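Peer 1: Generate a structure from the sequence data that follows.
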Amino acid sequence: MLQLPNQTGFYKGKVRDVYFIGDKHLAMVVSDRISAFDVVLPRPIPFKGQVLNQIAAHFLEATTDIVPNWVLDAQSVPNATVGLKCETFPVEMVIRGNLTGHAWRTYKTGARTLCGVALPEGLKENDFFPEPILTPTTKAHEGHDEDISREEIIAQGLVSREEYEQLEAYTRALFQRGREMAAERGLILVDTKYEFGKIDGKIYLIDEIHTPDSSRYFYAEGYEDRQAKGEQQKQLSKEFVREWLMENGFQGKAGQAIPEMTDEFVSQVSERYIELFNHVTGKTFEKQEITEQQLQEQLSALLAKL
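Peer 2: Numbers count the residues shown, from 1 in each chain. Below is the predicted model of the structure:
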């Protein structure tokens, strides 16, 4: 854990370490930790933090015309972002363009609603929904995030109707932009989630967007063929980590042991993250090793300028 100038608080998430600076700013360090099924796995993935931080910076910068965001500086330190401290809305805005992951697991049980949204009959795994669907979750600091419907969010007073409608509009517009940017790179943005906060009543996009930790991507080339043949889609996301865990008997349930992560597997996951960076941004990833000491010095220097 770092000790930063004017630090007033600290929160350790599954992957991110958040340092509260004074009462208006925060520094978010994206670690190399990796989580799946709401469990942090025992071994870090080299360069994962830098990949996630720099992908998020790329997309946050590309969406400022849709919604203002919290970032003040995401470039100076490879795996950290400094920005505005917002009062966070207690829901995550999940949006899905395809029937995949949790939505598919729900659908194949025979359920035809998810978070109060009706799902059409006759869909196969990975098919496109007629229109993207919003399936929000409550933000859990401990344990699993829980599905919740729009009506429940408003009825429970988690978010006012007016603000929730604004969050929905921002979510749809951000997802549309993300899909367009993905298509330019030969990818399909399948599903993702956004988090929002506010300062003095003004809504800001916070945290990160369109990274492999919050988003799933398919390769567009061959998508139709694979669907027609009932084959698995080729994807760039951390679903392959979840699949590897499931194949090895782990789904985050009580009594299940996390399988051993070999050097080969760790290095494979690191390469997949770097591949995703190159593919999704169109830039070439430059590995920047950073020690805890260097991180401390670089962040302290950056915060001194605020």
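Peer 1: which ones are touching the residue nearest to R112 when sequence neighbours are not counted?
Peer 2: Distances taken as CB to CB, 6 or more residues apart in numbering put L119 closest to R112, at 4.9 Å, once the chain neighbours are dropped. Quick note: C-beta positions are derived from backbone N, CA and C, even for glycine. The neighbours of L119, taking CB atoms under 8 Å, 6 or more residues apart in numbering as the test, are 99, 103, 107, 111-113, 129, 133.
Peer 1: Could you verify that A27 is part of a strand?
Peer 2: Yes. Membership of A27 in a strand is supported by DSSP: H, G, I helix; E, B strand; the rest coil.
Peer 1: Distance of it relative to Q298?
Peer 2: 10 Å (CB to CB, to the nearest Å).
Peer 1: about what we covered before: so which of the contacts of L119 comes closest to D225?
Peer 2: Of all these, L99 has the smallest distance to D225: 17.8 Å, by CB to CB.
Peer 1: rewinding a little: residues that sit against both of A27 and Q298, list them.
Peer 2: The contact lists of A27 and Q298 share A80, where a contact means CB under 8 Å, 6+ apart.
Peer 1: Same drill for the two, tell me which one is more crowded.
Peer 2: Per other CB atoms under 10 Å, whichever of A27 and Q298 has more neighbours is A27, with 25 against 16.
Peer 1: Please name the spatially closest residue to the more buried one (chain neighbours excluded).
Peer 2: Y19 (4.5 Å).
Peer 1: Touching, I274 and E286? I think so.
Peer 2: No. Applying CB atoms under 8 Å as the test, I274 and E286 come out as separate, 10.1 Å apart.
Peer 1: who has more neighbours, the two?
Peer 2: I274 (18 against 10).
Peer 1: quick one: contacts of the least confident helix or strand in the chain by mean pLDDT?
Peer 2: For the chain, using mean pLDDT, DSSP states H and E, the weakest element among its helices and strands is strand 235-236, scoring a mean of 82. Residues outside strand 235-236 that contact it (CB under 8 Å, 6+ apart): 187, 190, 212, 216-219, 272, 275-276, 279-280.
Peer 1: Same question for stretch 259-273.
Peer 2: Against stretch 259-273 from outside (CB under 8 Å, 6+ apart): 34, 41-43, 45-48, 51-52, 212, 236, 240-241, 244-245, 248-250.
Peer 1: Export only the CA atoms of that stretch, formatted as CSV.
Peer 2: The C-alpha trace of stretch 259-273 is given here as CSV (Å, rounded to 0.1, in the frame of the first residue of the first chain):
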residue,chain,number,x,y,z
PRO,A,259,-6.8,-24.6,-9.3
GLU,A,260,-3.0,-24.1,-9.5
MET,A,261,-2.0,-21.3,-11.9
THR,A,262,1.1,-22.5,-13.8
ASP,A,263,3.8,-20.1,-15.1
GLU,A,264,2.6,-21.0,-18.6
PHE,A,265,-1.0,-20.2,-17.8
VAL,A,266,0.0,-16.8,-16.2
SER,A,267,2.1,-15.9,-19.2
GLN,A,268,-0.7,-16.9,-21.6
VAL,A,269,-3.2,-14.7,-19.8
SER,A,270,-0.7,-11.8,-19.9
GLU,A,271,-0.3,-12.2,-23.6
ARG,A,272,-4.1,-12.3,-24.1
TYR,A,273,-4.4,-9.0,-22.3
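Peer 1: Show me where the stretch 201-306 of the chain has its strands.
Peer 2: With DSSP state E, counting those that start in this stretch as the criterion, the stretch 201-306 of the chain has strands at 202-206, 216-219, 235-236.
Peer 1: confidence score at the residue sitting nearest the centre point of the chain?
Peer 2: When CA atoms, centre = their mean is applied to the chain, the residue found nearest the centroid is S214 (1.9 Å). For S214, the pLDDT comes out at 88.
Peer 1: Contact partners for it?
Peer 2: 192-193, 208 are the contacts of S214 under CB under 8 Å, 6+ apart.
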